[in-house]
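A.B. asks: pasting a predicted model and its sequence here:
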Amino acid sequence: MPFTCTSCGQQSVKPFGRCPRCGAWDSYAETREAGVERRDASWLGEDLRPIAEISLADVARIPTGMTEFDRLLGGGLVPGGVILFGGEPGIGKSTLLLQVAHALAERVGNVLYVSGEESESQVKLRASRIGVDSRRLFVLSEQSLDRIAAAVEKVAPCALFVDSIQTATSSAVDGEAGSIRQLREVAGELIRITKSRRLATFLVGHITKDGAFAGPKSVEHLVDVALYLEGGRGEDVRFLRSVKNRFGSTDEAAVLRMTSSGMQEIANPSAFFLEGHAGVERPGAVVVPILEGTRPILVELQALVSPTGGFGVPQRRCTGLDINRVLLLLAVIEKELAVHVGGADVYLSVAGGLEARERGSDLGAVAAIVSSLRDRPLPPRTCVVGEVGLSGEVRAVRRIAERAREAEKMGYERILVPAAGKPREEQSIDVVPVASIDRAVAELGLG
């Protein structure tokens, strides 16, 4: 059997006195995979069958009633599916899951919500604030796996929520709550219950300081879907992303907004992030259609370029963009456009608190910097998209046609795109192909 560090989860074929990964002393213990003692028993009670005879009638998806959540999952919950749900403390995990539990209870059947960190009255306080009050939503404040299993047997729910898996403990193994052995045993038993009863299970997982699921990875590989809720503490916008999905795509992202009455879906993210921009043309402001998963969203990039006072070191600051990518783009501007930015402070921001990490925002950042430096606004109702290479070429990006359609839907009349990735189908919006940043600057009237 392998040996595992009970502190960090590092595995080895032999034990160490001190863990080489986390430095903990005497932390290695002999472990076995969850469910080894059950190998003689039937896990699901199903017979051996050819794949051609297996029917998909029993795996019809269950809609939750939350459009963004269902779209992220690929159309709804799959019976027998286990979802690991993570996010930073205070980001809104429990709030969102309570809303999903309420929607399922109202539309489908009994739902069991198990809280190992809060009492029933504390859960009720949050539920009252966000309007959750269903008689088919049962709340259990419990950490014992045996009692959780007994509650599942009694309630017969269509969905089970465990908040969080790090607090649940099993009497079958030793170790404190949250240890590697306990996590594996608890996760293995909950997965067995989920598959055998064909219900949908949500497991809330803590995250590490690096932003990964705590464990580490000891639970993520066991579940069917892993979702991650993220967003800035100072912003009310939340993004729910799928980092693993056996039943759908991992390229989707749901856009939500935290309010006093709970999480609200943002049906039109482009209109939300461009609020206050329509009809206003300012130097340094550029609209870029970026991709969040497979969905195009129009965002505004803002740049401020001003001379560095005295003999100070020029400042480089950005919000919502990769600072290393911005430094690279400044070097390309300096060389390919013969524009001197080395003696100026450069500040870049994505309006609305969104993070634009994909390369399609490169050309927008270049246009915003040059526009601010020369104090000239872009032509009205114009947006740009494209990746910028080291020699100043504008490279193709994914889903140009979808981005152009989104810009047209939002009332934009002209879009600059990479020459190599120009949409083949006809577009109502004026599509202008550019092969280099100097050509793009000329088309925008910034030359």
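C.D. replies: Received, thanks.
A.B. asks: could you pull out the helices for the stretch 1-150 of the chain?
C.D. replies: For the stretch 1-150 of the chain, applying DSSP state H, counting those that start in this stretch gives helices covering 67-73, 93-107, 120-129, 145-155.
A.B. asks: wait, I meant the stretch 201-350 of the chain
C.D. replies: Counting by DSSP H, counting those that start in this stretch, the helices of the stretch 201-350 of the chain are 269-273, 323-336.
A.B. asks: quick check: which of those is buried the most?
C.D. replies: Highest mean neighbour count among these (mean count of other Cβ atoms under 10 Å): helix 269-273, with a mean of 20. All C-beta atoms are positioned from the backbone trio N, CA, C, and that covers glycine.
A.B. asks: Glu142 versus Ser119, what's the distance?
C.D. replies: Per Cβ to Cβ, to the nearest Å, Ser119 is found 11 Å from Glu142.
A.B. asks: ok, these two, which is more surrounded?
C.D. replies: Set side by side, Ser119 and Glu142 show more neighbours around Glu142, with 18 against 11, by other Cβ atoms under 10 Å.
A.B. asks: go ahead and confirm that one touches Ile148.
C.D. replies: Yes. The pair Glu142 / Ile148 is scored as a contact, 5.8 Å apart, by Cβ atoms under 8 Å.
A.B. asks: now do the shared contacts for the two.
C.D. replies: Val114 (Cβ atoms under 8 Å, 6 or more residues apart in numbering).
A.B. asks: spatially central residue in the chain, please.
C.D. replies: Centroid check for the chain by Cα atoms, centre = their mean gives Arg241 as the closest residue, at 2.3 Å.
A.B. asks: correct me if wrong: that residue contacts Tyr228.
C.D. replies: Yes. With contact defined as Cβ under 8 Å, Arg241 reaches Tyr228; the gap is 5.2 Å.
A.B. asks: count the residues that sit near the nearest residue to Gly421 once chain neighbours are set aside.
C.D. replies: Spatial nearest neighbour of Gly421, chain neighbours left out: Ala396 (3.1 Å); criterion: Cβ to Cβ, 6 or more residues apart in numbering. With neighbours defined by other Cβ under 10 Å, the count for Ala396 comes to 14.
A.B. asks: I'd say Ala396 and Val434 touch.
C.D. replies: No. Using Cβ under 8 Å, Ala396 makes no contact with Val434, being 11.6 Å away.
A.B. asks: hey, what's in contact with both of the two?
C.D. replies: Gly386, Pro418.
A.B. asks: domain ranges for this protein, per the record?
C.D. replies: The chain resolves into domains spanning 1-31, 58-267, 272-443 when parsed by automatic domain parsing.
A.B. asks: using CSV, lay out those domains together with mean pLDDT and distance to Arg49.
C.D. replies: Shown next, in CSV, are these (pLDDT from 0 to 100; distance: least, Cβ to Cβ, whole Å):
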stretch, mean pLDDT, distance to Arg49
domain 1-31, 79, 33
domain 58-267, 88, 13
domain 272-443, 89, 35
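A.B. asks: and of those, who's closest to Pro50?
C.D. replies: Nearest to Pro50, of all the domains of the chain, is domain 58-267, at 16.7 Å by Cβ to Cβ.
A.B. asks: gap between that closest one and the chain center?
C.D. replies: Its chain's average C-alpha position is 15 Å from that of domain 58-267, according to Cα atoms, centre = their mean, to the nearest Å.
A.B. asks: please identify the nearest residue in space to Ile91, excluding sequence neighbours.
C.D. replies: Spatial nearest neighbour of Ile91, chain neighbours left out: Leu229 (5.3 Å); criterion: Cβ to Cβ, 6+ apart.
A.B. asks: so what's the residue count around the one you found?
C.D. replies: 21.
A.B. asks: same question for His206.
C.D. replies: 17.
A.B. asks: thinking it is in contact with Gln166, fair?
C.D. replies: Yes. At 5.1 Å, His206 counts as touching Gln166 under the criterion of Cβ under 8 Å.
A.B. asks: quick one on the thing from earlier: reformat the helices of the stretch 201-350 of the chain as CSV; add distance to Val370.
C.D. replies: Listed next are the helices of the stretch 201-350 of the chain as CSV, based on distance: least, Cβ to Cβ, whole Å:
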stretch, distance to Val370
helix 269-273, 23
helix 323-336, 7
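A.B. asks: of the ones you listed, which approaches Thr382 most closely?
C.D. replies: Nearest to Thr382, of all the helices of the stretch 201-350 of the chain, is helix 269-273, at 15.4 Å by Cβ to Cβ.
A.B. asks: next one: that closest one to chain centre, how far?
C.D. replies: Centroid displacement of helix 269-273 relative to its chain, using Cα atoms, centre = their mean, is 18 Å.
A.B. asks: same thing with stretch 398-410?
C.D. replies: With Cα atoms, centre = their mean, you get 22 Å for stretch 398-410.
A.B. asks: with just CA atoms, put that stretch into CSV.
C.D. replies: Taking C-alpha atoms only, stretch 398-410 is exported to CSV below (Å, rounded to 0.1, in the frame of the first residue of the first chain):
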residue,chain,number,x,y,z
ARG,A,398,-10.8,32.1,-31.6
ARG,A,399,-14.4,32.7,-32.5
ILE,A,400,-14.0,35.9,-34.5
ALA,A,401,-17.5,35.5,-36.0
GLU,A,402,-19.2,35.2,-32.6
ARG,A,403,-17.3,38.2,-31.3
ALA,A,404,-18.3,40.3,-34.4
ARG,A,405,-22.0,39.3,-33.9
GLU,A,406,-21.9,40.3,-30.3
ALA,A,407,-20.4,43.7,-31.2
GLU,A,408,-23.1,44.1,-33.8
LYS,A,409,-25.8,43.2,-31.3
MET,A,410,-24.5,45.9,-29.0
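A.B. asks: what's it in contact with?
C.D. replies: With Cβ under 8 Å, 6+ apart as the test, stretch 398-410 has contacts from 270-271, 274, 287, 289, 291, 294, 296-298, 360, 383, 385, 415, 417-418, 421-425, 427-429, 431.
A.B. asks: repeat the analysis, applying 7 Å as the threshold.
C.D. replies: 270, 274, 289, 291, 296, 298, 383, 385, 415, 417, 421, 423, 425, 427-429, 431 (Cβ atoms under 7 Å, 6 or more residues apart in numbering).
A.B. asks: who does Gln302 bridge with?
C.D. replies: As for beta bridges, Gln302 partners with Ala285, Ser349 under DSSP bridges.
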